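> predicted coordinates and the sequence they were generated for:
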Amino acid sequence: RKEVEQDPGPFNVPEGATVAFNCTYSNSASQSFFWYRQDCRKEPKLLMSVYSSGNEDGRFTAQLNRASQYISLLIRDSKLSDSATYLCVVNEGNTGKLIFGQGTTLQVKP
Amino acid sequence: DARVTQTPRHKVTEMGQEVTMRCQPILGHNTVFWYRQTMMQGLELLAYFRNRAPLDDSGMPKDRFSAEMPDATLATLKIQPSEPRDSAVYFCASGLTQETQYFGPGTRLLVL
């Protein structure tokens, strides 16, 4: 079983749609969680951290469920510019190393 | 706007040749990471350094890969000899902690 699992997609949605991505992690000792965004042929960039209480940044909402070891990212009112791969990232726990999921690809269509 | 820089951006080489990739971390960042990204495996951590000391290189094939930080402004990743299965994008990232990482643009390596 992979340490961080994501549905690779692709998710094809129309502009304005709401889309949600999920991620599960295997290490119950993990303490820190993030979503990174990676555009085609570019480097990953931090989108947002994920806090236990859930957090929002504009159209983006991240949630964490420690009991189920599950993280989600919700994007409201999708824009064409949201098309990218979204990487779920979890720290390894004991070592603090970041473990990246394979990513979920989003395509927003006009 | 401070950025991580990597050279070369692209490299095509033949099997058996030595490949050296270079990274200049953001000034003041004391933690440097090397990752490899492929379609099959995704993003994998190869090695990381803190204050120029190697902390973990368990993700790196030891027989052919080596990573060093000759000084605070330069990190290198070397493959000798290279093999076709090493073809990937190699990213360097830097940060002040393990959790805050800024990635460079990557080196796209193709080994024929």
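Sure thing, it's come through. Everything quoted here is computed from the prediction, not taken from an experiment.
> which parts of stretch A:34-52 are buried?
A:34, A:35, A:36, A:37, A:38, A:43, A:44, A:46, A:47, A:48, A:49, A:50 (16 or more other Cβ atoms under 10 Å in any protein chain shown). All C-beta spots, glycine's among them, are computed from the backbone N, C-alpha and C.
> which ones among these map onto helices?
Using DSSP state H, no member of the buried residues of stretch A:34-52 sits in helices.
> can you narrow these to ones near chain B?
Near chain B, judged by Cβ under 8 Å from any Cβ of the partner chain, the entries from the buried residues of stretch A:34-52 are A:34, A:43, A:44, A:46.
> what does chain B put close to chain A?
Residues of chain B lying near chain A (Cβ under 8 Å from any Cβ): B:42-45, B:48, B:56, B:91, B:98-101, B:103-106.
> any of those buried? List them.
Among those, those classed as buried by 16+ other Cβ under 10 Å are B:42-43, B:45, B:48, B:56, B:91, B:98-99, B:101, B:103-106.
> bridged to the closest residue to residue B:85 other than its chain neighbours, which residues?
In space, and not counting its chain neighbours, residue B:85 is closest to residue B:111: 7.8 Å by Cβ to Cβ, 6 or more residues apart in numbering or on different chains. Using DSSP bridges, the beta-bridge partners of residue B:111 come out as residue B:13.
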